[in-house]
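# curious how this folds, go ahead:
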Amino acid sequence: MYFIYQLLIVSILIKLYVGQQSSVQIQKIEADPPNPNVGEGLKIRCFLINVDPFAQYPTQVLWSIRRFSQDRDFRILAYGGSVRDTLSGRVSARKESEEVYEIVFRPVQESDSGIVRCELANTEAQVRLEQIINVLVPPSIVYITADVQVRAGDPVTLECRAQGNPPPLIMWIRQGQEYPTSYSGIYTIESVSRDDRGLYKCVAEQQTGQKLTAENYVNIFVDFDPTVICDQVIVEQVPNINADAEITCLAEAYPMNVLKWEFSQGNTNVRRAISSGAKYRIDTNVASDSIDSRYGSRLIIKNVEPNDFGKYTLIVMDESKRQASAWTELRPGSYIRPFNQSIIHYSSPFLIFLCLILYTLFQ
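Model prediction:
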């Protein structure tokens, strides 16, 4: 009989306790900032209503988290203002008032993305609210293809991988171009040509209120047969009038190993090398649209004389000993003497007489 009496007393006390707590509710849960950047501080606050500050059994708030990348179930972080799991010293909790509890992550990490739960611990019914945490991580490029050297005609594949939250858009932009060549982490050229050589930029772009980007570069070097093209096949210049002749050629080879001018006369194949000096001036520069494989070379023959006439040949060679050449022939030009008005002056009576005779004959 005494045992039954004790059970009855305990039952009454439990009902009183539950009745006291059942009116407490969680009004809302807020995160500040709602979408934190990695490395920032994150504060989450839980707001209660209908709290009796004089209740015999104070309300207790249980904080827990389930991280998307690591946790299968919720793990308890704090009980009221007492921290149970600091996540390596990054988590703190406190009771701000009877109605407000908070938990702080400082600093927040990418792995903290998940669900944070605020729950009343000492109620019969489950009273809880959850807040999704989305940690923003700026883009970064984690892999890019190393510089590529390939033969003309072969395929080339460039790969770029990036990470971030939200996942960034990856694009390829060729140097000198305004718009992307590809909107993909994989960029393939089925048959590469010398025109495809150059610098390519991988851009990882993220739109999260502000535009965040990361970029890296890869160079495509194309192995191709050398070429030489001269502006003119024949250049004419009158000798011995203190005038110069100019020959311009465009040479292309990669890697460029030899670039030289040679001179020959007649039908002979014997050529002699020429260089800048008193007689010649050679200007060679990398072309503005080149990546160190295209060279413009200008040869100036000073004060042209008769023995300067002949063929001027530009020869280029790459590191594989492949070579190409082109020539321009310098020939003597025609000299037009100034018109001598005295001829007409002294012969004008004769011309007039001749014209009169012809006029009479054809009347």
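# give the contact list for residue 62.
Residues counted as contacts of residue 62 (CB atoms under 8 Å, 6 or more residues apart in numbering) are 76, 78, 79, 117, 118, 119, 120, 121. Every C-beta, even on glycine, is put in place using the N, C-alpha and C of the backbone.
# all strands for the stretch 51-200 of the chain, in order.
Per DSSP state E, counting those that start in this stretch, the stretch 51-200 of the chain carries strands over the ranges 61-67, 75-79, 82-83, 91-95, 100-105, 114-120, 128-133, 137-144, 148-151, 156-165, 169-174, 186-189, 198-208.
# buried subset of the contacts of residue 62?
Neighbour counting over the contacts of residue 62 (16 or more other CB atoms under 10 Å) leaves 78, 117, 118, 119, 120 as the buried ones.
# thought residue 61 was touching the fourth one, still the case?
Yes. With contacts defined as CB atoms under 8 Å, residue 119 counts as touching residue 61 at a distance of 7.1 Å.
# overlap in contacts, the two.
By CB under 8 Å, 6+ apart, residue 119 and residue 61 have no common neighbours.
# coming back round to it: residue 245: which of the strands of the stretch 51-200 of the chain is closest?
For the strands of the stretch 51-200 of the chain, the distance to residue 245 is smallest for strand 198-208, at 35.1 Å, taking CB to CB.
# show me the helices in the chain, by range?
Per DSSP state H, the chain has helices spanning 2-21, 341-361. These are given in chain order.
# which of those comes out lowest on mean pLDDT?
Between these, the one with the least mean pLDDT is helix 2-21; it has a mean of 43.
# if we ignore the residues flanking it in sequence, what's nearest residue 122?
Distances taken as CB to CB, 6 or more residues apart in numbering place residue 60 nearest to residue 122, at 5.1 Å, with adjacent residues excluded.
# residue 170 now?
Distance criterion CB to CB, 6+ apart; nearest residue to residue 170, sequence neighbours excluded, is residue 185 at 4.5 Å.
# residues in contact with that neighbour?
Applying CB under 8 Å, 6+ apart, we find residue 185 in contact with 159, 160, 161, 162, 170, 202.
# could I get the phi/psi values of it?
phi -70, psi -20 (degrees, to the nearest 10).
# measure it to residue 142 for me?
11 Å (CB to CB, to the nearest Å).
# avg pLDDT for the biggest strand by length in the chain?
With DSSP state E setting the assignment, residue counts place strand 210-223 as the longest strand in the chain. Rounded to a whole number, the mean pLDDT of strand 210-223 is 92.
# what's the neighbour count on the closest residue to residue 299 other than its chain neighbours?
Take residue 299 and drop its neighbours on the chain: the residue closest to it by CB to CB, 6+ apart is residue 247, 4.6 Å away. Counted with other CB atoms under 10 Å, the burial measure for residue 247 works out to 21 neighbours.
# report the contact partners of residue 247.
230, 231, 232, 235, 298, 299, 300, 301, 312, 328, 330.
# of all those residues, which comes closest to residue 111?
Proximity to residue 111 was ranked across the contacts of residue 247 by CB to CB; first place goes to residue 298, at 62.7 Å.
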